[in-house]
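Engineer: Give the three-dimensional model of this entry:
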Amino acid sequence: MTQIIELKLCPESASDDAFIQSAIAKKLTLNPSDFHFRFKRRSIDARKKKILVVCLIEVCMNDDEVVNNKEQYRASKIDSNKEITIIGAGPAGLFAALKAIQSGIKPIIYERGKNVQERRRDIAALNKKSLVNPESNYCFGEGGAGTYSDGKLYTRSKKRGDVETVLKWFVHFGANENILIDTHPHIGTNKLPNIIQNIREEIIKSGGEIHFEKKLTDIILDNQKVKAIELNNSKKIECDNLILATGHSARDIYSLLHEKGILIKAKPFALGVRVEHQQELIDKIQYSGRLNDEFLPPASYSLVTQIDGQGVYSFCMCPGGIIAPCATDLEEVVTNGWSPSKRNNPYANSGIVVSVDPEKLPSKSPGSPFVGLEFQKAIEKKCWEQAGKSQKVPAQRLVDFINGKKSKDFPRSSYLPGIISVDINALLPNFITYRLKKAFVEFDKKMKGFLTNDAVIHAPESRTSSPIQIPRNRDTLEHVEIQGLYPCAEGAGYAGGIVSAAIDGIKCMEVLSQKINSL
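Structural biologist: The predicted model follows:
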């Protein structure tokens, strides 16, 4: 017999298995030696001064069989005559490939960037020498944008697919089982590359293929049907079905599709800044002054408000994290954030962004699908120019930003290429800065002490999501006009993070497996 119960425990007790065993026995009137337990869900409730850990616990009698969460992915024997071509080795592409193998179909992945090991060198050169490799960086390469920018697995996309399956597959390939339990699961940039490598090895061992430094440069159509692809402007490969999982920063793909007459559309996105506080301050605010507690993780936050009809919200909050340079081209500056698995850096950072409606943006070509993308690019280039045409980032103390005052000096920033003092009010459009300033005041009401001049904002935070959507049929997931083209995940405008992208990759492959296996 198995029961699910809830216990609300102080942080110390939630870390003490013997105490939990005793609490369960008392609650269920059982002998402690007659059962075992495991966490199903665990979250911190810090809304009141007394902090509690809310634990959903599965209690099993000792005769009950225990499910092994580390053996959740099982490959099937593939039919080499049945293939699926996948562009992109991010979470969508990799999980689509894993699902293809389970369906007996051979996946062939083409990735413009490098594998995780070689990619690491290019990221180091970007951090230390400000050298941008347009094909290998924080956004491009094996594992996608999330591999070296955190591995946060929290998603609101629970209605879109099976979140638990994605998390269990991550555990199978090396993630800690805590991601199945914690409300805001997180792997960490230091651990995710090895997991991605394990996934690659499984795909190859099962008969699939992954090819790196293979950039999609053309899609060959015949009567509105996919017939072949071109790689690196030379090699042509025939294919009938193509999963396009290129991520939110593959701007050349949008240009390619538009040039081919393949329908794309502008979509809403968000843009703003990345703010950095001392982690100790965030802990103090969120944990009612409780600091340096070994039983509590570094505190996070999630903030949202409406300013004159537009949303302003925190994005990709990184406790104990680092701000990273995430440019994908030479003449641009882009920020993002990441945390190691222990989240033990002294800083906390988060994007604070304003919702942007492309229909309200000024444009020389009204109705163009590129109106949001061009706006995004212009901001990134302007920030690059203001930072001395380098990967240094425009920065300003938070209260100075509110007051329109250029900062004279700064506390230390985690952004390795360095920061340069700029009045961000003159750098970003007024409809962005006006709402950011109002929002920071509102956020300080929710988190007293958040609005401090010891916090520094870094500009821009511009790659929250794609400003373009590649429209697809709701049921078949095929492009609305092109047969055999399956736009997938973030780059197509149908996901927003690692888990939702992986879910979308699986969904696309589920539809395709029915199509391919019926032939």
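
Engineer: how about Lys446, what does it touch?
Structural biologist: Contacts for Lys446 (C-beta atoms under 8 Å, 6 or more residues apart in numbering) come out as Leu303. Using the backbone N, CA and C atoms, a C-beta is placed for each residue, glycine as well.

Engineer: how many neighbours does Lys129 have?
Structural biologist: Neighbours of Lys129 under the rule other C-beta atoms under 10 Å: 10.

Engineer: Same question for Ser465.
Structural biologist: Residues lying near Ser465 (other C-beta under 10 Å) number 19.

Engineer: do the same with Pro460
Structural biologist: When neighbours are counted by other C-beta under 10 Å, Pro460 registers 27.

Engineer: okay, it: pLDDT?
Structural biologist: Looking at Pro460, its pLDDT is 98.

Engineer: same question, Ser157
Structural biologist: 56.

Engineer: Also Ile84?
Structural biologist: pLDDT, read off for Ile84, is 98.

Engineer: show me what contacts it?
Structural biologist: Counting by C-beta under 8 Å, 6+ apart, Ile84 has contacts 96, 100, 105-108, 241, 243, 509, 512, 516.

Engineer: Most neighbours among those, which one?
Structural biologist: Result: Ala100 is most packed of those (other C-beta under 10 Å), 32 neighbours.

Engineer: Does that residue touch Lys106 like I think?
Structural biologist: Yes. Using C-beta atoms under 8 Å, Ala100 makes contact with Lys106 at a distance of 7.1 Å.

Engineer: Find the residues that touch each one of those two.
Structural biologist: By C-beta under 8 Å, 6+ apart, the residues touching both Ala100 and Lys106 are 78, 84, 208.

Engineer: nearest to Pro417, of those residues?
Structural biologist: Of all these, Pro417 sits closest to Gly208, with 37.3 Å by C-beta to C-beta.

Engineer: What pLDDT is listed against the closest one?
Structural biologist: In the predicted model, Gly208 carries a pLDDT score of 98.

Engineer: What does the pLDDT read for Ser136?
Structural biologist: pLDDT recorded at Ser136 is 96.

Engineer: Return the set of residues that bridge with it.
Structural biologist: Counting by DSSP bridges, Ser136 is bridged to Asn133.

Engineer: check contacts around it.
Structural biologist: Here Ser136 is in contact with 113-114, 118-119, 122-123 (criterion: C-beta under 8 Å, 6+ apart).

Engineer: do Tyr110 as well
Structural biologist: By C-beta under 8 Å, 6+ apart, the residues touching Tyr110 are 85-88, 211, 214, 216, 229, 231.

Engineer: Please tell me how far it sits from Lys215.
Structural biologist: 8 Å (C-beta to C-beta, to the nearest Å).

Engineer: Quickly list what's touching both of these two.
Structural biologist: Listed as contacting both Tyr110 and Lys215 by C-beta under 8 Å, 6+ apart are Leu231.

Engineer: and the host helix or strand of Ser500, what's its mean pLDDT?
Structural biologist: For Ser500, the element it lies in under DSSP states H and E is helix 498-517. Averaging pLDDT along helix 498-517 yields 95.

Engineer: quick one: buried residues of that helix?
Structural biologist: Neighbour counts over helix 498-517 (16 or more other C-beta atoms under 10 Å) mark 498-510, 512-513, 516 as buried.

Engineer: Among those, which one lies nearest to Pro369?
Structural biologist: Asp504 (20.6 Å).

Engineer: Next, format the shared contacts of Ala100 and Lys106 as TSV and append secondary structure and distance to Ser368.
Structural biologist: Conversion of these to TSV gives the following (DSSP: H, G, I helix; E, B strand; the rest coil; distance: C-beta to C-beta, whole Å):
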residue	secondary structure	distance to Ser368
Ile78	coil	43
Ile84	strand	33
Gly208	coil	38
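
Engineer: which among these gets closest to Asn425?
Structural biologist: Distances from Asn425 to the shared contacts of Ala100 and Lys106, taken by C-beta to C-beta, are shortest for Ile84, at 49.4 Å.

Engineer: Apart from its chain neighbours, what residue comes closest to Ala175?
Structural biologist: Of all residues not flanking Ala175 in the chain, Ile187 sits nearest, at 5.3 Å (C-beta to C-beta, 6 or more residues apart in numbering).

Engineer: What's the per-residue pLDDT of the one you found here?
Structural biologist: 90.

Engineer: What separation do you get for it and Tyr148?
Structural biologist: 12 Å.

Engineer: Ser255 too?
Structural biologist: Applying C-beta to C-beta, the value for Ser255 to Tyr148 is 25 Å.

Engineer: So these two - more neighbours on which side?
Structural biologist: Tyr148 (27 against 13).

Engineer: residues touching the more buried one, list them.
Structural biologist: Tyr148 neighbours (C-beta under 8 Å, 6+ apart): 119-120, 123, 138, 189, 192-193, 324, 338.

Engineer: could you dump the residues you listed to JSON lines with neighbour count?
Structural biologist: As requested, those are exported to JSON lines (neighbours: other C-beta atoms under 10 Å):
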{"residue": "Arg119", "neighbour count": "26"}
{"residue": "Arg120", "neighbour count": "16"}
{"residue": "Ile123", "neighbour count": "21"}
{"residue": "Tyr138", "neighbour count": "27"}
{"residue": "Thr189", "neighbour count": "23"}
{"residue": "Leu192", "neighbour count": "26"}
{"residue": "Pro193", "neighbour count": "20"}
{"residue": "Ala324", "neighbour count": "26"}
{"residue": "Trp338", "neighbour count": "26"}
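
Engineer: Looking at those residues, spot the one nearest Ser465.
Structural biologist: Tyr138 (15.6 Å).

Engineer: Tell me if I'm right that that closest one and Ala324 touch.
Structural biologist: Yes. Counting by C-beta under 8 Å, Ala324 is a contact partner of Tyr138 at 5.9 Å.

Engineer: can you give me the helices for this protein?
Structural biologist: Applying DSSP state H to the chain gives helices spanning 11-14, 17-28, 91-102, 116-129, 163-172, 192-205, 251-259, 279-286, 371-386, 398-403, 430-446, 489-492, 498-517.

Engineer: Could you say which of those is packed most deeply?
Structural biologist: Across those, averaging neighbours per residue (mean count of other C-beta atoms under 10 Å) puts helix 489-492 on top, at a mean of 30.

Engineer: Could you check the pLDDT of Asp290?
Structural biologist: Asp isn't right for residue 290; it's Arg. Reported pLDDT for Arg290: 85.

Engineer: Got the phi and psi for it?
Structural biologist: Backbone dihedrals for Arg290, given as degrees, to the nearest 10, come out at phi -80, psi 110.

Engineer: related to what we said a few turns ago, overlap in contacts, Tyr138 and Ala324.
Structural biologist: With C-beta under 8 Å, 6+ apart, Tyr138 and Ala324 have common neighbours 148-149, 336.

Engineer: from these, which has minimum pLDDT?
Structural biologist: The minimum pLDDT among these falls on Ser149, with 70.

Engineer: how many neighbours does it have?
Structural biologist: Using other C-beta under 10 Å, Ser149 is surrounded by 25 other residues.

Engineer: going forward can the numbers begin at 12, since that is how I track them
Structural biologist: Sure, I'll start counting at 12 from here, so that last one is Ser160.
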